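**Student:** Below: sequence and its predicted model.
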Amino acid sequence: MSDTPFSSAAADAVSSDSLTVMGGGLVGSLLALYLARRGYSVDVFERRADLRRAGAEEGRSINLALSDRGWKALEGVGIGEEVRQVAIPMYRRVMHDQQGQLTFQPYGKENQAIYSVSRAGLNQKLLDLAEANPQIQLHFNQQCNHVDLRERRLKLRDVTTNTEQTRTFQRLFAADGAFSAVRAAMQKTDRYEYSQSFLEYGYKELNIEPGPDGQWQMEKNALHIWPRGQYMMIALPNLDGSFNCTLFFPYEGENSFAALQTDEQVLAFFQKVFPDVVPLLPNLATEFFQNPTGSLVTIRCYPWAFADEVVLLGDASHAIVPFYGQGMNAGFEDCSVLDSLIEEYHDDWHAVFAAFQQRRKPDADAIADLAIYNFEEMRDRVADPRFLLQKKIESKISAQYPDQWMPLYSQVTFSHMPYAQALANGKRQESIMGRLMQHIQTEADYDLPEVQQLVQQEMNQ
């Protein structure tokens, strides 16, 4: 590991098997492990300080939901079991209505779960493994100020000393986040496609502390949701008995971040809208004003590759909103897909990068659409009795026709099916359910002969 600037001599002495990763977050550190496994020397440059020493950024340590795609990527470098020991399985959603009543929705089949993991904790684990690998060098506090694509040069500023150095690269893997410095350079190339769109909502983290003796004060093995139409709150469990809560809330309007300006207003609002959680948030007003408000952005761009020199992955190429729990999983899947293409094409980096963007771009667009759709579903529909009935009917169809019907959520979360295929299947299934639900008023109606006949007709089409 090194935090020291490069000398100019070092900048020019780059071997052909040396690779550069920009970004030491979740995707960048995992990618470095994949590349090192294949025998490459890897330099990782991270703008921020080493979070293992500096600590997680206050108010931005949102827990993440790790699912099958992410597990596959972690297992690809042999660390799945280690991570599983610090992850909490969540088998269902628990919806809290405004009167504090609870309803439940399982995520998949029996024993299927998504896993609550600490973003900072997982990142620290990946950095520890990278640091222990002699083929990986980690460089923190290195801000990328300029990328010369044609000359393969990086201008880096050490934020602790305010000194600049130039570094050449052979291959550059940009995992430097939604506002990627590497992508900014690529956006200046001819006919580059780029768009960013923000939801009118921001998010703010709040914390439910552990109960007596470190006990969880709500169901541990569940993701908790407080759906309220135009806004919502969710909570994921931590190992220490606490929960990370995230309020997704409009920036402007009658009920919004702009409207809540005093401790009294915050407390009155929460007591009215989220009454059952208020006793669990003793520092509510303080955290509400002290913790930062984050924005929710979707970024699409193309191409992801520049010749055989540079490739974007993770949020740098496809930042999405967090409502399908797939941002990290999609970024991790990028790593495993890229690794499989290196296996296929070896050192033909032009072929590797071209195949990677062609394969992943449709899936990135699909999961971006699905994430926004799931926001609307979680916010507006999970407390709707008709929606919950439809989900139960879908489960019955899946049990009766397991080879023909897998719920959309399971396709995305509990399989490795391409996201684009899952989205297409989901649209077809939603159309079928729209027709079937006209004939179903209760769960028992599914067994009526006329309904069974309709289901069979739909399955045979």
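**Tutor:** Yep, it's here.
**Student:** where does residue 425 fall, phi/psi-wise?
**Tutor:** When read as degrees, to the nearest 10, the backbone of residue 425 gives phi -60, psi -40.
**Student:** Burial check on it, number of neighbours?
**Tutor:** When neighbours are counted by other Cβ atoms under 10 Å, residue 425 registers 17. Heads up, the C-betas are built off the backbone N, CA and C, glycines and all.
**Student:** Please apply the same query to residue 328.
**Tutor:** Residue 328: 25 neighbours (other Cβ under 10 Å).
**Student:** In contact with residue 332, which residues?
**Tutor:** With contact taken as Cβ atoms under 8 Å, 6 or more residues apart in numbering, residue 332 is in contact with 26, 27, 30, 69, 70, 72, 73, 74.
**Student:** can you do 6 Å?
**Tutor:** 70, 73 (Cβ atoms under 6 Å, 6 or more residues apart in numbering).
**Student:** Show me which helix runs longest in this structure.
**Tutor:** The longest helix of the chain (DSSP state H) is helix 349-376.
**Student:** Tell me which residues of it come out buried.
**Tutor:** Buried residues in helix 349-376, counted by 16 or more other Cβ atoms under 10 Å: 349, 352-357, 359-361, 363-375.
**Student:** so where do the strands sit in the stretch 201-350 of the chain?
**Tutor:** Using DSSP state E, counting those that start in this stretch, the strands of the stretch 201-350 of the chain run over 222-227, 232-237, 243-250, 294-302, 305-306, 310-312.
**Student:** and the residue nearest the centre of the chain, how far is that from residue 375?
**Tutor:** For the chain, residue 327 is the residue whose C-alpha lies nearest the centre (Cα atoms, centre = their mean; 2.1 Å). From residue 327 over to residue 375 the distance is 13 Å, taken as Cβ to Cβ, to the nearest Å.
**Student:** Repeat that for residue 118.
**Tutor:** With Cβ to Cβ as the criterion, residue 118 and residue 375 are 23 Å apart.
**Student:** How far away from the center of its chain is stretch 20-29?
**Tutor:** 15 Å (Cα atoms, centre = their mean, to the nearest Å).
**Student:** What is the end-to-end distance of it?
**Tutor:** Distance between the two ends of stretch 20-29: 11 Å, counting by Cα to Cα, to the nearest Å.
**Student:** Report the secondary structure element holding the residue nearest to residue 181 when sequence neighbours are not counted.
**Tutor:** Distance criterion Cβ to Cβ, 6 or more residues apart in numbering; nearest residue to residue 181, sequence neighbours excluded, is residue 144 at 4.1 Å. For residue 144, the element it lies in under DSSP states H and E is strand 142-148.
**Student:** Go through that strand and flag the buried ones.
**Tutor:** 142, 144, 147.
**Student:** Okay, now the unreliable bits of the stretch 351-461 of the chain?
**Tutor:** For the stretch 351-461 of the chain, applying pLDDT under 70 flags the ranges 382-383.
**Student:** So which residues of it form helices?
**Tutor:** 385-400, 408-413, 419-436, 449-460 (DSSP state H, counting those that start in this stretch).
**Student:** May I see those helices arranged in JSON lines, with distance to residue 305 as well?
**Tutor:** What follows is the helices of the stretch 351-461 of the chain, written out as JSON lines (distance: least, Cβ to Cβ, whole Å):
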{"stretch": "helix 385-400", "distance to residue 305": "38"}
{"stretch": "helix 408-413", "distance to residue 305": "26"}
{"stretch": "helix 419-436", "distance to residue 305": "19"}
{"stretch": "helix 449-460", "distance to residue 305": "41"}
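**Student:** rewinding a little: mind listing what the residue nearest to the centre of the chain touches?
**Tutor:** Applying Cβ under 6 Å, 6+ apart, we find residue 327 in contact with residue 320.
**Student:** 8 Å instead, please
**Tutor:** So residue 327 contacts 64, 315, 319, 320, 371 (Cβ under 8 Å, 6+ apart).
**Student:** Tell me the one among those residues nearest to residue 89.
**Tutor:** Of all the contacts of residue 327, residue 89 sits closest to residue 64, with 13.8 Å by Cβ to Cβ.
**Student:** May I ask which two of the contacts of residue 327 are separated the most?
**Tutor:** Spanning the widest gap among the contacts of residue 327 are 64 and 319, at 14.4 Å by Cβ to Cβ.
**Student:** Next, the buried residues of stretch 335-344.
**Tutor:** 335, 336, 337, 338, 339, 341, 342.
**Student:** how about the third one, what does it touch?
**Tutor:** With contact taken as Cβ under 8 Å, 6+ apart, residue 337 is in contact with 356, 359, 360.
**Student:** quick one: the strands in the stretch 1-150 of the chain?
**Tutor:** According to DSSP E, counting those that start in this stretch, the stretch 1-150 of the chain carries its strands in the segments 18-22, 41-45, 64-66, 88-90, 92-96, 102-106, 114-117, 136-139, 142-148.
**Student:** which one of the ones you listed has the lowest average pLDDT?
**Tutor:** Among these, strand 102-106 carries the lowest mean pLDDT, at a mean of 90.
**Student:** What is that strand packed up against?
**Tutor:** On a contact count with 3 or more Cβ pairs under 8 Å, 6 or more residues apart in numbering; DSSP states H and E, strand 102-106 meets strand 92-96, helix 385-400.
**Student:** Out of these, which gets nearest to residue 282?
**Tutor:** Here strand 92-96 is closest among the helices and strands packed on strand 102-106 (Cβ to Cβ), at 18.3 Å.
**Student:** and that closest one, which strands flank it?
**Tutor:** Applying DSSP bridges to the sheet, strand 92-96 is found paired with strand 102-106 (antiparallel), strand 222-227 (parallel).
**Student:** Ok, which of the ones you listed comes nearest residue 94?
**Tutor:** Across the strands paired with strand 92-96, residue 94 has its closest neighbour in strand 222-227 (4.5 Å, Cβ to Cβ).
**Student:** mean confidence for the closest one?
**Tutor:** Averaging pLDDT along strand 222-227 gives 94.
**Student:** ok, now stretch 180-198?
**Tutor:** Per-region confidence: stretch 180-198 scores 97 on mean pLDDT.
**Student:** just how off-centre is that stretch within its chain?
**Tutor:** Between the centre of stretch 180-198 and the centre of its host chain there is 21 Å, according to Cα atoms, centre = their mean.
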